[in-house]
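*Asks:* What would the 3D arrangement of this be:
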Amino acid sequence: MKQFKVAVLRARHDASVGVIPERACLDMVMNNGHHSSVLNYWASVTDGHLNFVGSTMFPWVDITMGADDVSRETQCARAFEATMALNGGDLQDFDAYLVLTLPGQFSLPNPKAGQPGQPARISVNFDGGAGAVVQGKPACAVPVMTSNHTFICHELGHMMGWNHSYGVLNNGTDWDGKAPFDVNAVYGDPYDIMSSASFGSRTLDPDVKHYTGQPAFTGWPVDGWPNPSASTMGPAPARAHLHLWDPQALAPQRVRHFAQPFVGEAQRFTLTAAGRHSGVQLAVLHAFGEDAEGRGRCYVEYRQKGGWDAGLDESGNDLARQGVVVHALADTEEGVRCWYRGRILVPVELDTDLTVSGTALQVRVLSADLDSATVDIEVTARLERGVELRSRGGDEVLTVINPQPMSTPCGDALTYGTWITSTRTFHQPVSSGFGGVGAPDAGRLLARWVVAGVPVTGTDGVIQAPTTEGVFAIEYVLHPETAELRLWSRGGERYRVDVTVAVSEADGSGTRHATAVFSAKGWYDGYGPGDTARLARCLSRYARRAHLRLRDFLIPPGPGPVEREIGDRINQRRLQLAIALVADAHPGPATALTALTAMRYGVGQR
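*Replies:* Below you'll find the predicted structure:
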């Protein structure tokens, strides 16, 4: 475990402002019942490796500040001096000083007052953040009325030795918001608290593509804290950045180490979402000949909405969506830093992989289970384009013709008849080897659909599909972001058509195709929805009474179309033989089983 003792200094520079109650200060910074304080945050995201035993919150003191100097250095120095005087000099045994400045802004007469649209007074906000030094120890100024939970966590991270993370070009260092617009890779990680000045957002230059990262969320408000926006929280730090800061901050069972694969090789592993209490949460792929600073090292983690990542989106265009996130260690002017290299959305959409910039690695999501918060990953050193269709759906019963009520020996009501159905299917293309490095300003992959030889246009409509049985109308909806195609047939129409997707790069190159079949059943003769399950339950009940074992009448799924379609493993001939063998010993159950067999195979089966 690593101990870090923080001295929380509280300094008021405006005597007309009432001090914040003790309980509110403790809840905001030290500890609270929701375990959502600033210190709770860092203890939580390091799985308890980091503790703050011995940290102390000192009483409020009054300081004097002038509008000509609102720097963080001056705030920290004066808060330290005033607290020293009040406390008798007991401020030496701490690792850092966190200074709460109240209110942290001046209200001054507006020199432009009287001009159109100008108020009588304006606010001058104090400088805030880490970087100051007090008695040789790191110090941080937190102006109360302009600082939220995310900001305080970020700045405390700096005092504990965390650096900024890097990634996509963003406006985080453009302090005035005026042309010429500054862009920089620092603050460019949408999945790391140490990019909290921007989280990768680029929103200023009207001539380039805009994108935003907003992984923060509104957490638990602190009763008595005067800044209502202070409860903006999250996200967690990147697990990659956590490992870079201190490998011991992650329990050994949460990390797996691999050598980066060469061409023709692959590394496969399963990851659990960061912040869970089980499973591997970080894969570390070491470069061949990796130096002491880890240049070229690659990290893979899975970030799912929830906990400190509650601000992640599940859909939409925000950079901070839940997904598999890739980082690498690379050089900056400040030294080797943690770089965000892209993400693969989960649930997977059109693009299932990304190329890790600066390496030959290709990271792909093979499958994902949202309920268990796990993903299966493959990392290779090759770029092979391909596409497949993942289809799901089924038949919806619209009505029944000539219904015949029946009953099982167990008393279950069944209905036999001609059932009119409509078929609805969902077809999601998933590609690999496309899309380059996954940068937010990269062009979107192209997905073009053809159904029964007819191109799909727009986001919805009706296709007149020619088939050998005639022309049939198929309704469709095409999702503009995921490229998923949904198809509906009209009731009572039976046919089969091919569904083909062509996936290309944004410029139309590298096209690959995949095909599925849309099979509209239209109708069937047999039992209604759920009746087959009722028959099976009744049969199992009487089989147990007759002391029949499942292996007496079950077989592996057969090659016939009915067996493939409904997974039927009950073999009629074996069941009849089994009934005959037990008929003398168990005449009642055998009679019921004979009737069930006749119902199942003599009348119809669905």
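*Asks:* By average pLDDT, which secondary structure element in this structure comes out worst?
*Replies:* Least confident element among the helices and strands of the chain, by mean pLDDT, DSSP states H and E: helix 561-566 (a mean of 42).
*Asks:* host element of the nearest residue to residue 45 once chain neighbours are set aside?
*Replies:* Take residue 45 and drop its neighbours on the chain: the residue closest to it by Cβ to Cβ, 6 or more residues apart in numbering is residue 236, 4.9 Å away. Every C-beta, even on glycine, is put in place using the N, C-alpha and C of the backbone. Here residue 236 is covered by no helix or strand, with elements defined by DSSP states H and E.
*Asks:* neighbours around residue 236, how many?
*Replies:* Look at residue 236: counted by other Cβ atoms under 10 Å, it has 25 neighbours.
*Asks:* Identify the residues contacting it.
*Replies:* Taking Cβ atoms under 8 Å, 6 or more residues apart in numbering, we find residue 236 in contact with 45, 193, 274, 275, 303, 307, 308, 309.
*Asks:* Buried among these? Need that as a selection in PyMOL.
*Replies:* Selection command for PyMOL covering only the buried members of the contacts of residue 236, criterion 16 or more other Cβ atoms under 10 Å:
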select buried, resi 45+193+274+275+303+308+309
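*Asks:* List the contacts of residue 154.
*Replies:* Residue 154 makes contact with 193, 194, 196, 197, according to Cβ under 8 Å, 6+ apart.
*Asks:* Report pLDDT for it.
*Replies:* Model confidence at residue 154, expressed as pLDDT, equals 98.
*Asks:* tell me the SS of it?
*Replies:* The assignment at residue 154 comes out as helix when based on DSSP: H, G, I helix; E, B strand; the rest coil.
*Asks:* how close does it sit to residue 523?
*Replies:* Spatial separation of residue 154 from residue 523 under the definition Cβ to Cβ, to the nearest Å is 63 Å.
*Asks:* low-confidence ranges in the stretch 251-400 of the chain?
*Replies:* Along the stretch 251-400 of the chain, no part satisfies pLDDT under 70.
*Asks:* ranges for the strands of it?
*Replies:* Ranges of strands within the stretch 251-400 of the chain are 255-259, 266-272, 282-286, 298-303, 323-332, 335-345, 353-355, 362-369, 374-380, 386-407, based on DSSP state E, counting those that start in this stretch.
*Asks:* Single out the most deeply packed of the ones you listed.
*Replies:* Ranked by average neighbour count under the criterion mean count of other Cβ atoms under 10 Å, the strands of the stretch 251-400 of the chain are headed by strand 298-303 at a mean of 27.
*Asks:* Quick check: which helices or strands does it pack against?
*Replies:* Applying 3 or more Cβ pairs under 8 Å, 6 or more residues apart in numbering; DSSP states H and E, one finds that strand 298-303 makes contact with helix 239-245, strand 266-272, strand 282-286, strand 323-332, strand 335-345, strand 374-380.
*Asks:* Would you reformat these as CSV and include distance to residue 20?
*Replies:* Supplementary listing: the helices and strands packed on strand 298-303 in CSV, determined by distance: least, Cβ to Cβ, whole Å:
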stretch, distance to residue 20
helix 239-245, 31
strand 266-272, 39
strand 282-286, 38
strand 323-332, 37
strand 335-345, 35
strand 374-380, 43
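*Asks:* How about the contacts made by residue 484?
*Replies:* Residues in contact with residue 484 (Cβ under 8 Å, 6+ apart) are 349, 426, 427, 428, 429, 478.
*Asks:* let's go with 7 Å and repeat that
*Replies:* Residue 484 is in contact with 426, 427, 428, counting by Cβ atoms under 7 Å, 6 or more residues apart in numbering.
*Asks:* And these, which is closest to residue 68?
*Replies:* Distances from the contacts of residue 484 to residue 68 were compared by Cβ to Cβ; the smallest belongs to residue 428, at 61.0 Å.
*Asks:* Who are the packing partners of the helix or strand hosting the closest one?
*Replies:* Secondary structure assigned from DSSP H and E places residue 428 in strand 413-432. Using 3 or more Cβ pairs under 7 Å, 6 or more residues apart in numbering; DSSP states H and E as the contact criterion, the secondary-structure elements in contact with strand 413-432 are strand 386-407, strand 485-489, strand 495-504, strand 512-520, strand 523-527, helix 531-545.
*Asks:* immediately after it, which helix or strand?
*Replies:* Strand 413-432 is succeeded, C-terminally, by strand 446-451 (DSSP H and E).
*Asks:* Quick one: mean pLDDT for that next one?
*Replies:* Averaged over strand 446-451, pLDDT sits at 97.
*Asks:* That one pairs with which strands, and in what direction?
*Replies:* The strands that strand 446-451 pairs with in its sheet are strand 454-455 (antiparallel), strand 495-504 (antiparallel) (by DSSP bridges).
*Asks:* With just CA atoms, put that strand into PDB.
*Replies:* Presented in PDB, the C-alpha positions along strand 446-451 are these (Å, rounded to 0.1, in the frame of the first residue of the first chain):
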ATOM      1  CA  LEU A 446     -19.100   2.900 -45.900                       C
ATOM      2  CA  ALA A 447     -21.700   0.200 -45.800                       C
ATOM      3  CA  ARG A 448     -23.900  -0.400 -48.800                       C
ATOM      4  CA  TRP A 449     -26.800  -2.900 -48.700                       C
ATOM      5  CA  VAL A 450     -28.500  -4.900 -51.400                       C
ATOM      6  CA  VAL A 451     -31.600  -7.000 -50.800                       C
END
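*Asks:* Give me the contact list for it.
*Replies:* Against strand 446-451 from outside (Cβ under 7 Å, 6+ apart): 350, 429, 456, 463, 465, 474, 478, 483, 485, 497, 499-504, 506, 508, 518.
*Asks:* Thanks a lot, see you next time.
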